[in-house]
Structures are given as structure tokens and as C-alpha cells.
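S.K.: A predicted structure for the sequence below; I have some questions about it.
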Amino acid sequence: LVQSSGDKNSTIDSVNSLVYTGGLTNHAEAIGRCRDALSGTPDRNKYMLLITDGKPNRPQPTGPTDPSPADAAIASADLAKGDDINII
């Protein structure tokens, strides 16, 4: 999670400073963390820039009724949308 002041150059610098850690891809958790971080911000345009290395592969379902990683990501994105957060 990297926060930016919102201006173009700051956002570009934030993206350029990201370090690829490899491995697991949990879109649902990433979206949830960003949603939590944005929940305390004033009511203005809220944007989340989601950068990924591939399709979600976490969390792994542990039972027959657990959502797939993709479905968990969609559910998390829907919650963010309900909070008026724009995901790019």
C-alpha cells in the first residue's frame, strides 16, 4: 500500500518506487487494505490504482462454499465501489 498526494508526478514516483515481491496474488486483500486506508479520507474523489502481476490466486478456498480467488476479488471491489472508490 503506497499513498500518493494525488498529483501526477507524485503518483508516478509512487508507482516507480514499488518493489516486486513475487509470489502470491491476493487481489481481495489488497483491495480491502486500500479500502480501509481510504475510509477515513474526506468525501472527495477516491481512486485506487491496482497493479498486479497476474490473476488472483489467493485466498485459496478451504471449503465447498468458499469463493474462488477471483470471486473474492470481485466481492472486495464491489464493497469499494459501494464506498464510492474508483478502481483503476
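M.R.: Sure thing, it's come through.
S.K.: and the helices in the protein, which stretches?
M.R.: Listed in chain order, the helices of the chain (DSSP state H) span 8-16, 27-38, 69-82.
S.K.: just name the most buried of these.
M.R.: helix 27-38 (a mean of 18; mean count of other C-beta atoms under 10 Å). C-beta coordinates here come from the backbone N, C-alpha and C atoms, glycine included.
S.K.: that one packs against which elements?
M.R.: Judged by 3 or more C-beta pairs under 8 Å, 6 or more residues apart in numbering; DSSP states H and E, the packing partners of helix 27-38 are strand 46-48, helix 69-82, strand 85-87.
S.K.: in CSV, list those along with distance to R33 and mean pLDDT.
M.R.: Output for the helices and strands packed on helix 27-38, formatted as CSV (distance: least, C-beta to C-beta, whole Å; pLDDT from 0 to 100):
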stretch, distance to R33, mean pLDDT
strand 46-48, 10, 88
helix 69-82, 10, 94
strand 85-87, 12, 92
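S.K.: so what pLDDT did T62 get?
M.R.: The model reports T62 with a pLDDT of 89.
S.K.: that one: how many residues sit nearby?
M.R.: The criterion is other C-beta atoms under 10 Å. On that basis, T62 has 7 neighbouring residues.
S.K.: in this structure, which helix or strand is least confident?
M.R.: The weakest-scoring helix or strand in the chain, judged by mean pLDDT, DSSP states H and E, is helix 8-16 (a mean of 86).
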